[in-house]
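> Could you work out the structure for the sequence below:
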Amino acid sequence: MKPSTSNQPITHSIEINFNQRWSIYYRLQQLEIPCSCLTNQPLQVEINNPSAIAQLCGVIKQSTASRSELIDWLNDCWKIESKRRKSKS
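Numbers count the residues shown, from 1 in each chain. As a prediction, this is how the structure comes out:
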């Protein structure tokens with residue numbers, strides 16, 4: 001028998017401080033990721049696919065990481081892209 005797979009979205013509660021919570025909420029809305037955010041409540045996010053997980057992680061990281069962490073992250077992305085170009089040549 002094959003294991004059953006469910007296409008039901010998974011809802012996650014994300015505990016983030018007040019200011020970051022609302023900026024993350026609005027960014028997720030722009031990305032069309034279903035979410036809700038009530039006053040004094042955790043951010044609720046529906047994850048429907050792997051892309052939504054990656055986008056959620058990126059949005060949270062951009063909102064919570066320090067400037068130096070974001071610079072390191074960007075530099076790592078450039079290194080990965082540079083390696084891809086070299087391997088295609």
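> When you work out contacts or count neighbours from here on, use the C-alpha atoms and nothing else.
Will do.
> where along this structure do the strands fall?
For the chain, the strands defined by DSSP state E occupy 10-14, 35-36, 43-47.
> need the ones you listed in a markdown table with mean pLDDT, can you?
Rendered in a markdown table, the data for these read as follows (pLDDT from 0 to 100):
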| stretch | mean pLDDT |
| --- | --- |
| strand 10-14 | 91 |
| strand 35-36 | 96 |
| strand 43-47 | 96 |
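> closest to Ser66 out of those?
With Cα to Cα, the closest approach to Ser66 among those belongs to strand 10-14: 19.0 Å.
> what's the offset of that closest one from the middle of its chain?
Offset of strand 10-14 from its chain centre (Cα atoms, centre = their mean, to the nearest Å): 12 Å.
> Other residues contacting it?
Outside strand 10-14, the residues within contact range by Cα atoms under 8 Å, 6 or more residues apart in numbering are 42-48.
> Separate out the buried members of those residues.
The neighbour-count test (16 or more other Cα atoms under 10 Å) applied to the contacts of strand 10-14 identifies 42-47 as buried.
> List the residues that contact Leu70.
Applying Cα under 8 Å, 6+ apart, the residues contacting Leu70 are Gln62.
> Hmm, Glu15 is touching Pro42, no?
Yes. Counting by Cα atoms under 8 Å, Glu15 does reach Pro42; the two are 5.1 Å apart.
> Can you report how many residues lie near the closest residue to Arg27 other than its chain neighbours?
The shortest distance from Arg27 to any residue that is not its chain neighbour, by Cα to Cα, 6 or more residues apart in numbering, is 7.3 Å, and that residue is Val59. For Val59, the number of neighbouring residues by other Cα atoms under 10 Å comes to 17.
> Next: Arg85.
Look at Arg85: counted by other Cα under 10 Å, it has 10 neighbours.
> Could you list the low-confidence segments of this protein?
Counting by pLDDT under 70, the ranges of the chain that qualify are 1-7, 81, 89.
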